[in-house]
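Participant: Return atomic coordinates for the entry below.
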Amino acid sequence: MRGLVFSSYVNAYAIYCGAKQLGVEVCTTDRAPVFPLPVAGELNKHDYLFFTEEASLCRALRCKKAGNFLPAAFPLALLDNKWAFSNWLATKPGLTTGLKQWSVDRIDDVKYPCLLKAKHSWHGDQKLPRGWVCNSRHELCRATQFLNDKGFDSSLFFIQQWLGMEGCRVISVCGFHDANHGSRNLTAVVERIASHTQGLSCSAAVETIADEWGVVSRAQDILDSLDFTGPYELEFLVAGRQVFTLELNPRFWMQHAIFLYNGNGLVKRYIGLDGPEDEKEHSINDVVWIDGMHLLRSIPDFNWDFLVLAVRKAFSRDKMVLIFPSVPMALYVGFRSLHSFLKNKVFGKR
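Facilitator: Residues are numbered from 1 along each chain as shown. This next block holds a predicted model:
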């Protein structure tokens, strides 16, 4: 049994570590891997395919890749499309819907403040901006003009209701869902406690929290409506007692290593190696995940807030702290990246 992953960063390395515990070698198709993953040869129909981004999952769903993978079926119109996913939710009675949104050609209908946001994370090989908060029509017009000046197609963006940063919390339900066998479901409810940068950014640290809003059952209702089986991260926005659905990542996400040191149940379920004992575990609790790469970069950047947070959590006794990748691995990758930079940019390619 062999596994293939189509990237080579933190989330791919976590898959490699989890599969290795189960006696499965995971290789990457990345010819210049960031983390030390073996490079794959040709695909065959017996390989397990692991996805950390939607582009390769989309190709597999279109039957352009051989192999075993989950989800085995997913509506392509909803894949990595925040706009379409929110519209789909609005047509399903009983599901937790998203925030108000407008297309970019309906600027006269917009309520301020708002968020100009990309529908997709990527367009082809181009990473799309995460978005801008706009407090007035003038700011919104300026942001859309910036997109035009940079050559972005404005149809790849939409406008979303913005409730502000104060009093709002982004809560994720993540894990493994089996629409046909609920006993295999495995979840964690996590909240971001640090970001890579200020504003709209990815998580540099998350921790598990109690489910005060019933987001696990909300997530399961959405996934059951999609007849979904596979790994996922489903984000919700909580404002007071109101809960809104933000987006669904139907794949392995950045922080999924929180399952790695709690029975490795996520990878087990993905490749079908879970048994009755695994089904007794339905949730992961009392874990803090800290991005080891961000922790390493925080030292020369004098990011004291993040360093203090990491130290405070590390000495806390109420939750297990997982630094992933580990500091030695982060140092190894950091030095290797620096060596590659010096070789290619300073001394020239040889």
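Participant: Which stretches in the stretch 101-250 of the chain count as strands?
Facilitator: 101-103, 114-118, 122-123, 126-127, 131-134, 157-161, 168-178, 186-195, 203-208, 229-239, 242-249 (DSSP state E, counting those that start in this stretch).
Participant: nearest to residue 277, of the ones you listed?
Facilitator: strand 186-195 (12.8 Å; CB to CB). For the C-beta atoms, the positions are set from N, CA and C on the backbone; glycine is no exception.
Participant: which residues sit in contact with the residue nearest the centre of the chain?
Facilitator: For the chain, the residue nearest the mean C-alpha position is residue 253 (3.5 Å; CA atoms, centre = their mean). Contacts for residue 253 (CB atoms under 8 Å, 6 or more residues apart in numbering) come out as 11, 52, 174, 231, 233.
Participant: Tell me the secondary structure of it, please.
Facilitator: Under DSSP: H, G, I helix; E, B strand; the rest coil, residue 253 falls in the coil class.
Participant: cool, and residue 36?
Facilitator: Strictly by three-state DSSP, residue 36 counts as coil.
Participant: Is the residue nearest to it when sequence neighbours are not counted within a helix or a strand, and which one?
Facilitator: Spatial nearest neighbour of residue 36, excluding adjacent residues (CB to CB, 6 or more residues apart in numbering): residue 332 at 7.4 Å. If you go by DSSP states H and E, residue 332 is part of helix 327-341.
Participant: burial measure for residue 315, as a count.
Facilitator: Here the count is done by other CB atoms under 10 Å, and residue 315 has 8 residues near it.
Participant: Please report the distance of it from residue 321.
Facilitator: According to CB to CB, to the nearest Å, residue 315 stands 9 Å off from residue 321.
Participant: can you check residue 78 too?
Facilitator: Distance, residue 78 to residue 321, using CB to CB: 35 Å.
Participant: show me what contacts the residue nearest to residue 132 when sequence neighbours are not counted?
Facilitator: Excluding its sequence neighbours, the residue lying closest to residue 132 (CB to CB, 6+ apart) is residue 143, at 4.6 Å. By CB under 8 Å, 6+ apart, the contact set of residue 143 is 116, 132, 134.
Participant: could you pull out the helices for the stretch 251-350 of the chain?
Facilitator: 265-270, 276-279, 292-298, 304-314, 327-341 (DSSP state H, counting those that start in this stretch).
Participant: Sketch out the low-pLDDT regions of the stretch 151-300 of the chain for me.
Facilitator: Along the stretch 151-300 of the chain, segments meeting pLDDT under 70 span 199.
Participant: again, only using 90
Facilitator: Scanning the stretch 151-300 of the chain for pLDDT under 90 picks out the ranges 154, 164-167, 197-202, 240-241, 261-263, 279.
Participant: Setting the sequence-adjacent residues aside, check what's closest to residue 94.
Facilitator: residue 221 (6.8 Å).
Participant: burial count for that neighbour?
Facilitator: By other CB under 10 Å, the burial measure for residue 221, its neighbour count, is 14.
Participant: Check whether residue 257 really touches residue 324, as I assumed.
Facilitator: Yes. Applying CB atoms under 8 Å, one finds residue 257 in contact with residue 324, separated by 4.2 Å.
Participant: Can you give me the distance of residue 137 to residue 108?
Facilitator: 9 Å.
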